[in-house]
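1. Structure for the following, please:
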Amino acid sequence: MAFNDRRGNSNNFRGNNSRGGSGGFRGNTGPREMTKVTCSDCGVETEVPFKPTEGRPVYCRDCLPNHRKF
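-> All right, here's what the predicted structure looks like:
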């Protein structure tokens with residue numbers, strides 16, 4: 001019996017439940033819907049790829065690093 005003959009039912013030795021590198025990425029589903037918002041810090045109008053939650057601050061690309069926790 002050769003080594004290649006021992007692979008069994010699947011080429012994936014980890015089984016069907018393996019993450020296998022996909023990491024949940026489901027492929028390109030098209031362009032993301034952008035929402036226009038005003039930055040809570042500097043007041044510049046910008047776009048974000050999500051619908052902001054009312055009452056929570058939204059920051060532009062320049063201000064966001066100032067609010068990230070390390």
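2. any weak-confidence spans in this structure?
-> 1-28 (pLDDT under 70).
3. rerun that using 50 as the cut-off
-> For the chain, the stretches flagged by pLDDT under 50 are 13.
4. ok, which stretches of it are strands?
-> Counting by DSSP state E, one finds strands in the chain at the ranges 35-38, 45-48.
5. Just put the ones you listed in TSV and tack on mean neighbour count and distance to Leu64.
-> Glycine gets a C-beta too; all of them are placed from N, C-alpha and C. As requested, the strands of the chain are arranged in TSV below (neighbours: other Cβ atoms under 10 Å; distance: least, Cβ to Cβ, whole Å):
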stretch	mean neighbour count	distance to Leu64
strand 35-38	13	12
strand 45-48	14	10
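6. Output the ones you listed as a markdown table; include the columns distance to Thr29.
-> Below are those laid out as a markdown table (distance: least, Cβ to Cβ, whole Å):
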| stretch | distance to Thr29 |
| --- | --- |
| strand 35-38 | 17 |
| strand 45-48 | 18 |
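7. what's the closest of those strands to Val58?
-> Val58 lies closest, by Cβ to Cβ, to one member of those: strand 35-38, at 4.7 Å.
8. Cys63 is nearest to which of the strands of the chain?
-> For those, proximity to Cys63 was assessed by Cβ to Cβ; strand 45-48 is nearest, at 9.3 Å.
9. closest to Asn66 out of the strands of the chain?
-> Within the strands of the chain, the stretch nearest Asn66 is strand 45-48; the backing value is 14.6 Å (Cβ to Cβ).
10. Partner strands of that closest one, with direction?
-> As defined by DSSP bridges, the strand partners of strand 45-48 come to strand 35-38 (antiparallel).
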